[in-house]
Every structure is written in structure tokens, then in C-alpha cells.
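Participant: Sequence unavailable; structure follows:
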């Protein structure tokens with residue numbers, strides 16, 4: 001780690017200090033930052049904390065070190081060669097970079113605050129549009145309605161309170177993609193089977209795939225389509241929704257369940273405004289479901 005002190009003292013040649021330690025290093029963490037603006041973990045507060053820590057390290061520790069080292073290297077270069085234009089050019093570059101960095105810090109911090117407020121608002125709403133109930137003598141949990149923010153936590157709480165639950169019925173048109181993924185991971189972790197009696201689409205299909213064994217009633221269908229921002233209300237948070245990245249994450253869940261690759265290609269390429277409802281036989285052949293069941297037999 002001797003290069004840290006060496007650079008700080010301005011002991012590197014100016015061309016090395018400028019191009020390697022200032023330009024290349026700055027470009028590297030500016031390249032990484034857009035990736036970090038998209039939630040890379042499914043726990044929003046953890047994402048906010050990690051991103052904030054990244055900003056502190058990159059902007060308040062590494063960046064000042066870059067500036068001081070470069071200025072000292074420029075001063076030594078000037079004393080050796082008396083090239084004032086180069087020294088002033090470096091200083092002008094630093095001033096420009098500093099202004100852009102301050103604006104970037106403010107913008108990113110504001111985005112994180114907005115994102116946090118969005119999560120807190122949606123999680124603290126007084127009502128929910130979904131319902132959770134026990135069926136079949138308490139051995140099955142029935143989820144009905146949209147996958148709102150916080151539903152994964154609500155389902156987990158129900159499962160903790162009722163450890164006898166062995167399966168879950170999902171009847172939903174979808175909802176938040178993060179919740180769909182969170183539910184899928186929860187079902188897989190708890191070893192639950194999944195059913196759908198009325199139908200399960202979009203993010204709900206992702207949750208459904210988390211089941212160890214997966215079943216549809218004769219009246220239910222699974223719906224698939226490309227992801228989209230489903231509400232004008234969340235367009236201001238577009239920085240945090242890279243739909244291609246989210247689809248890849250969910251694709252990995254399907255692949256882990258050994259779902260047929262040809263089926264997956266069609267499922268994730270279906271236009272978002274035209275839901276694809278594959279036939280029951282297609283779902284069985286692809287490994288998406290294991291069997292068709294009679295809902296009355298399951299619930300008796």
C-alpha cells in the first residue's frame with residue numbers, strides 16, 4: 001500500500017499521477033456508480049446504506065486523496081520544468097472536476113432520499129390491497145390480490161406464526177417485481193409448494209416458481225410478459241428500475257428450477273401489453289408446473 005503515501009506526497013511523475021491515479025480512477029468509479037443506482041439487493045434500506053457508504057468512500061476519502069496528490073505532483077513538475085501552463089491546466093481540470101463531483105453527490109444523495117421516502121411511504125400505507133388467510137385446516141396459506149410493497153415480510157410473518165403451513169395459494173395479477181422475487185426465494189427457503197386456483201400473472205408468476213412442487217387448478221392460468229414501470233407515479237424513480245437487470249435476476253430463479261430454456265425465452269420476450277398465457281400442457285412440458293389439481297380436493 002506504499003503507493004497511497006507515495007501518491008499523497010506527489011512523488012509520482014505528473015503524467016502518471018494525472019492519467020492513472022486521477023483520470024482512470026475517477027472514470028472507474030463514475031462508471032460503477034450507475035450500476036449502484038439500481039437496487040442490487042432486495043432489501044431497500046441495505047441498498048441505501050451500501051450506496052451511501054460507497055459515496056462516502058469514493059467522494060469523501062478517495063477523491064480528496066486524488067486531488068491533493070495531483071496538486072503536489074503538479075507543483076513538483078512546475079519546480080522542475082517551469083511549465084506554468086501545465087500547472088494551471090491541471091488546476092483548471094481539478095476545479096471543473098470538483099464542480100461536477102459536488103453536483104453529482106448532491107444529485108445522488110437526493111435520489112437516495114427520494115427512494116427511501118418512496119419505500120417508507122409504500123410500506124407504511126394504512127391499508128393493503130391483498131389478503132392473507134389460512135385454509136385447509138391451517139396447512140395452506142392463501143394470498144389474494146396485488147403483490148404490494150411489504151408483502152414478502154407479511155407472508156414471512158404469517159409463516160413464522162403458523163409453522164404448520166406447507167403450501168401457499170397465489171391468486172394475483174402481479175405487482176412489485178422485487179416482492180415477487182422475494183416471495184419466490186422465501187417459498188424455496190421454506191420448502192413450500194405453490195398453487196394457483198384463480199390465476200397468477202406477471203410478478204406473481206415469479207413468486208409461483210419458488211414453490212418446490214407447483215400446481216394449477218383447471219380454471220387457473222399463469223401469465224408472462226416483459227417487465228415495465230407499471231405506474232406513472234413511479235416514473236420519477238426510473239433510475240432505480242433497470243428492467244433488463246430485474247428480468248435477468250428473475251430469469252436466474254426460473255433457471256434454478258430447471259425450466260425449459262425455449263419456454264423462458266418466449267416468456268420473457270412477450271410484450272408487456274400482451275400477456276402470454278401458455279397452455280397447461282406447455283407449462284407441464286416446460287417444467288413450470290407439476291400437475292393440474294381440483295381446487296375443491298385441496299381445500300376440503
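Facilitator: That came through fine. Nothing here was measured: the structure is a model prediction, and the numbers come from that model. Residues are numbered from 1 along each chain as shown.

Participant: wouldn't residue 147 be in contact with residue 153 here?
Facilitator: No - judged on Cβ atoms under 8 Å, residue 147 makes no contact with residue 153 at a distance of 12.0 Å. All C-beta atoms are positioned from the backbone trio N, CA, C, and that covers glycine.

Participant: who's more crowded, these two?
Facilitator: More neighbours surround residue 147 than the other of residue 147 and residue 153, with 29 against 13 (other Cβ atoms under 10 Å).

Participant: measure that one to residue 190 for me?
Facilitator: Note on residue 147: its distance to residue 190, by Cβ to Cβ, to the nearest Å, is 17 Å.

Participant: ditto for residue 83
Facilitator: Applying Cβ to Cβ, the value for residue 83 to residue 190 is 68 Å.

Participant: So those two - more neighbours on which side?
Facilitator: residue 190 (17 against 13).

Participant: In this structure the more buried one contacts residue 158, no?
Facilitator: No - using Cβ under 8 Å, residue 190 is not in contact with residue 158, being 11.1 Å away.

Participant: Report the contact partners of residue 145.
Facilitator: Residue 145 makes contact with 128, 129, 130, 131, 172, according to Cβ atoms under 8 Å, 6 or more residues apart in numbering.

Participant: Which residue is the nearest non-sequential neighbour of it?
Facilitator: residue 130 (3.3 Å; Cβ to Cβ, 6 or more residues apart in numbering).

Participant: what's the answer for residue 273, then?
Facilitator: Per Cβ to Cβ, 6+ apart, closest to residue 273 is residue 225, 7.7 Å.

Participant: you'd agree the one you found is up against residue 269?
Facilitator: No - the pair residue 225 / residue 269 is not scored as a contact, 9.1 Å apart, by Cβ under 8 Å.

Participant: Between those two, which is the more surrounded one?
Facilitator: More neighbours surround residue 225 than the other of residue 225 and residue 269, with 20 against 12 (other Cβ under 10 Å).

Participant: The more buried one: what's it in contact with?
Facilitator: 201, 202, 270, 271, 272, 273, 274, 275, 276.

Participant: same check, this time on residue 277
Facilitator: 221, 222, 223, 224.

Participant: buried residues in the helix or strand where residue 4 lies?
Facilitator: Assigned by DSSP states H and E, residue 4 belongs to helix 2-8. By neighbour count on 16 or more other Cβ atoms under 10 Å, the buried set for helix 2-8 is residue 7.

Participant: so after it, what's the next helix or strand?
Facilitator: helix 14-16.

Participant: Which stretches in the protein count as strands?
Facilitator: For the chain, applying DSSP state E gives strands covering 131-135, 140-144, 167-171, 193-196, 200-201, 214-217, 222-223, 291-293.

Participant: circling back to that earlier point, tell me which of the contacts of residue 277 is nearest to residue 15?
Facilitator: Lowest distance from residue 15 to these (Cβ to Cβ) belongs to residue 224, with 54.6 Å.

Participant: How about that closest one, nearest residue that isn't a chain neighbour?
Facilitator: residue 267 (3.9 Å).

Participant: Could you check how many residues crowd around that neighbour?
Facilitator: By other Cβ under 10 Å, the residues close to residue 267 number 23.

Participant: try residue 218
Facilitator: 10.

Participant: so it sits right up against residue 297, yeah?
Facilitator: No - using Cβ under 8 Å, residue 218 is not in contact with residue 297, being 11.1 Å away.

Participant: quick one: low-confidence parts of the chain?
Facilitator: 1, 33-45, 117-128, 227-244, 272 (pLDDT under 70).

Participant: give me that answer again for 50
Facilitator: 229-241 (pLDDT under 50).

Participant: State which helix of it is the longest.
Facilitator: For the chain, the helix with the greatest residue count under DSSP state H is helix 84-123.

Participant: Pull up the gap between residue 89 and residue 74, please.
Facilitator: With the distance defined as Cβ to Cβ, residue 89 ends up 9 Å from residue 74.

Participant: Looking at those two, which has the bigger crowd around it?
Facilitator: Set residue 89 next to residue 74 and count neighbours by other Cβ under 10 Å: residue 74 wins out with 23 against 13.
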